[in-house]
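Chemist: what would the 3D arrangement of this be:
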Amino acid sequence: MADAGYSVFFIFGCIWIVLAVAVWIFVLKAEGLPLKVDKWALVVAVPIVLPLIAAFTIAAIYR
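Modeler: Residues are numbered from 1 along each chain as shown. This next block holds a predicted model:
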């Protein structure tokens with residue numbers, strides 16, 4: 001039960017990420033634009049996603 005706060009925070013963060021991606025897709029589809037990911041989107045996304053994955057992996061290993 002000591003990790004309940006962490007679990008709630010993690011699930012809440014995952015829900016926000018899924019909602020953000022869904023809204024982005026709906027906005028692009030509403031404007032009739034194709035869904036494509038260019039190199040600048042990766043330049044922004046990779047430095048955000050990689051440290052998150054590393055932090056969660058380290059937390060899972062040392063838990």
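
Chemist: let's see the pLDDT reported for the residue nearest the centre of the chain.
Modeler: The C-alpha lying nearest the average C-alpha coordinate of the chain belongs to Ile17 (C-alpha atoms, centre = their mean; 4.3 Å). With respect to pLDDT, Ile17 has a value of 86.

Chemist: just Asp3 next, same as before
Modeler: pLDDT at Asp3 comes out at 68.

Chemist: Asp38 too?
Modeler: 79.

Chemist: look up phi and psi at it.
Modeler: Main-chain dihedrals, Asp38, degrees, to the nearest 10: phi -100, psi -180.

Chemist: and for it, the neighbour number?
Modeler: 7 (other C-beta atoms under 10 Å). For every residue, glycine as well, the C-beta is placed using N, CA and C.

Chemist: for the one 5 residues further on, same thing?
Modeler: The criterion is other C-beta under 10 Å. On that basis, Val43 has 9 neighbouring residues.

Chemist: what sits up against the helix or strand that contains it?
Modeler: Per DSSP states H and E: Val43 is located in helix 39-62. Residues outside helix 39-62 that contact it (C-beta atoms under 8 Å, 6 or more residues apart in numbering): none.

Chemist: centre of the chain versus it, how much separation?
Modeler: 9 Å (C-alpha atoms, centre = their mean, to the nearest Å).

Chemist: same check on stretch 16-33?
Modeler: That offset, for stretch 16-33, works out to 14 Å (C-alpha atoms, centre = their mean).
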